[in-house]
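**Q** Sequence plus the predicted model coming up.
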Amino acid sequence: MQVGNNPRVRALLVSPRSLPLRREVPRSWLVAKRAIDVCGAFVGLVLSAPLVLLAALAIACVSPGSPFFAQERVGQNGRRFRLYKLRTMIDGAHLEHERLQPLSEVSGPVFKMRNDPRLHALGSLLRRTSIDELPNFVNVLFGEMSLVGPRPPLPCEVEHYDRFALCRLTVKPGLTCLWQINGRSNVDFDEWMALDNRYVETWTPWGDLAIIWRTIPVVIQGEGAH
């Protein structure tokens, strides 16, 4: 399924070839990237399973509703998929999105607040440690995401993309990326898009491994996570 109701965005996504900055890479790179994704996601799921289970039980204790959360996101070439996460907000938090939108602390068509009132008691901790994103490994195994790539946007965000921002949709979204290791939410929207476009234009399989390695200390420190 393609994205949205905005005619300009829809026209750009009718065909993958209509997206700007489509970069041709050797097929061997794509094979290597998928191999890294499958191996990394499998190992990640196995190692993180006890932590995810513990976190899910803790969420169930502090907030009614399922501890897991599936949200529609936009992937490569505008295809939609369901992103799996641990729930960090109270049940029904999406109903408050429009009311809180003017309070967003970041530029561009994204919403982020350091002290989002919709977070449940463990929400801030789960986000700061990125534990909430561990179920993303399932999306990587399904082939909807990669270990490395631009973070998957919401459909409502893509509605406001210009051609420059749309370039990030020419590759699979990822668990981590240049934005993730360069400040995350401390980076404004234009710089964020520039970092994603730099990745689109320069990625290599060995470059992905370097980004994965650099992500580890960033996650441990919780830099820019909220």
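**A** Good, I have the coordinates.
**Q** F68 versus T202, what's the distance?
**A** 35 Å (C-beta to C-beta, to the nearest Å). (Each C-beta comes from the backbone N, C-alpha and C, glycine too.)
**Q** Look at the two and report which has more neighbours.
**A** F68 (13 against 10; other C-beta atoms under 10 Å).
**Q** how much space between that one and A165?
**A** Where A165 is concerned, F68 sits at a distance of 29 Å (C-beta to C-beta).
**Q** same thing with I131?
**A** 28 Å.
**Q** shaky segments in this structure?
**A** 1-22, 94-98, 101-105, 223-226 (pLDDT under 70).
**Q** Return the backbone torsion pair for I90.
**A** The phi and psi values for I90, taken as degrees, to the nearest 10, are phi -70, psi 160.
**Q** Does it touch R118 like I think?
**A** Yes - assessed by C-beta atoms under 8 Å, I90 is found in contact with R118 at 5.7 Å.
**Q** The nearest residue in space to N182 that is not next to it in sequence: which element?
**A** Of all residues not flanking N182 in the chain, L195 sits nearest, at 6.0 Å (C-beta to C-beta, 6 or more residues apart in numbering). According to DSSP states H and E, L195 maps onto helix 189-202.
**Q** which secondary structure elements does that helix contact?
**A** Contacts defined by 3 or more C-beta pairs under 8 Å, 6 or more residues apart in numbering; DSSP states H and E place helix 189-202 against helix 163-166.
**Q** Run through the neighbouring helices and strands of whichever helix or strand comes after the helix it packs on.
**A** Next helix or strand after helix 163-166 toward the C-terminus (DSSP H and E): strand 174-176. For strand 174-176, the elements it packs on are helix 136-141, strand 146-148, helix 205-221, judged by 3+ C-beta pairs under 8 Å, 6+ apart.
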